[in-house]
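A.B. asks: with the sequence up front, the predicted model follows.
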Amino acid sequence: MPSPSKFARVVLLESRTGSQRSNEKKTKEAALVADDTKVYKNLFLKVLPERERALLGPSLQFVELPQGELLAEPGKRVSDVTFLDAGMVSLLTTMQDGTAIEIATLGRESVLGVLSALGNHQSNVRALVQIDGAGWKMRVTDFRAAVEKSRTLRHLVLLSSELTLAQMQQTAACNALHSAERRLCRWILQVRDRIDGDVIELTQDFLAQMLAVRRPTVTLIAQGLQNAGLIRYRRGRITITDHAGLEKLACECVEEIRTKTRHILNELQ
Ligand SMILES: [Zn+2]
């Protein structure tokens with residue numbers, strides 16, 4: 001079993017083999033792996049015992065996840081498992097006419113593709129990067145081989161799937177029962193939790209799709225929140241100006257999802 005320092009070197013070496021990366025990105029990656037405690041921001045990877053980290057480590061490749069990148073499409077076979085490190089990914093259910101609605105938002109508490117990977121299945125959903133981020137990616141075949149060797153990794157598969165399912169269940173109820181205004185507050189807070197910041201870069205089209213409302217409706221709601229002093233809204237950018245006020249106006253789903261996430265992550269520790 002590699003020592004933590006050797007393991008960190010392996011990851012660093014692999015990160016450097018990625019093609020067409022700028023010097024700036026390489027520096028960022030080097031900083032990420034220089035200290036083993038900072039290598040992984042993904043909450044599942046962070047709490048894994050050293051043995052399991054060593055099982056996965058050599059196969060994990062650091063990837064940037066730019067806004068707009070598709071990580072899964074319905075009907076397509078899942079070829080990678082991705083441990084999200086930063087940013088935010090939306091899971092979307094799409095309809096025949098091309099419309100789509102968000103069924104979960106995923107961040108550093110999430111692992112994308114685990115169940116499909118084990119079952120050798122196709123994806124049922126679209127996974128779209130909404131907020132620039134990064135992650136650790138590995139081939140499903142490597143992931144499957146590692147899971148076969150470790151009870152803890154099998155537990156990880158179960159828990160991460162349970163967490164994504166819990167997020168989807170809550171979002172389904174939210175979409176059906178809560179107002180677009182309260183859902184927008186929920187969405188903004190969920191992004192804030194993922195990016196640790198108050199400025200969210202996104203397009204109005206994205207927002208309309210997320211909330212399953214028309215674009216003018218998004219504008220009206222966002223203007224209302226701005227008039228109430230909760231956010232500043234300009235084309236392509238939301239700045240949170242009253243975090244506590246947003247928490248108050250958001251629906252209960254924000255806290256429900258936070259609580260479920262905490263409980264499920266505690267199971268792995
Ligand atoms: Zn809700």
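C.D. replies: All right, it came through fine. Predicted model only: the values in this text are computed from it and were never measured.
A.B. asks: what's the average pLDDT for stretch 162-180?
C.D. replies: Stretch 162-180 carries an average pLDDT of 93.
A.B. asks: enumerate the positions of that stretch that are buried.
C.D. replies: 163, 164, 166, 167, 168, 170, 171, 174, 175, 178, 180 (16 or more other CB atoms under 10 Å). Heads up, the C-betas are built off the backbone N, CA and C, glycines and all.
A.B. asks: what about the closest residue in space to residue 110 that isn't next to it in sequence, is that helix, strand or coil?
C.D. replies: Nearest residue to residue 110, sequence neighbours excluded (CB to CB, 6 or more residues apart in numbering): residue 84, at 5.0 Å. At residue 84 the chain is in strand, as set by DSSP: H, G, I helix; E, B strand; the rest coil.
A.B. asks: surely residue 84 touches residue 107?
C.D. replies: Yes - the pair residue 84 and residue 107 passes the contact test of CB atoms under 8 Å, sitting 5.9 Å apart.
A.B. asks: tell me, what's touching those two both at once?
C.D. replies: Here residue 84 and residue 107 have residue 133 as joint contacts, going by CB atoms under 8 Å, 6 or more residues apart in numbering.
A.B. asks: so between these two, which is more surrounded?
C.D. replies: Shown here are residue 84 and residue 107; by other CB atoms under 10 Å, residue 84 has more neighbours (29 against 23).
A.B. asks: let me see the contact set for the more buried one.
C.D. replies: Residue 84 touches 42, 65, 106, 107, 108, 109, 110, 111, 112, 133, 135, counting by CB under 8 Å, 6+ apart.
A.B. asks: now a ChimeraX select for only the buried ones of the residues you listed.
C.D. replies: To isolate the buried members of the contacts of residue 84 in ChimeraX, using 16+ other CB under 10 Å:
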select :42,65,106,107,108,109,110,111,112,133,135
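A.B. asks: how about the strands of the stretch 101-250 of the chain, start to end?
C.D. replies: Remark: strands assigned in the stretch 101-250 of the chain by DSSP state E, counting those that start in this stretch are 111-112, 126-139, 199-201, 231-234, 237-240.
A.B. asks: among these, which is the most enclosed?
C.D. replies: The highest average neighbour count among those, using mean count of other CB atoms under 10 Å, belongs to strand 111-112 at a mean of 24.
A.B. asks: neighbouring contacts of that one?
C.D. replies: 42, 44, 71-72, 81-84, 89, 106, 127, 135, 156, 160.
A.B. asks: at 7 Å what do you get?
C.D. replies: 44, 71, 72, 81, 82, 83, 84, 89, 106, 127, 160 (CB atoms under 7 Å, 6 or more residues apart in numbering).
A.B. asks: same deal with stretch 59-78?
C.D. replies: With CB under 7 Å, 6+ apart, stretch 59-78 has contacts from 11, 14-15, 18, 25, 29, 82, 87, 89, 94, 112-113, 116-117, 121-140, 142.
A.B. asks: could you give me the buried positions within it?
C.D. replies: 59, 60, 61, 62, 63, 64, 65, 67, 69, 71, 72, 78.
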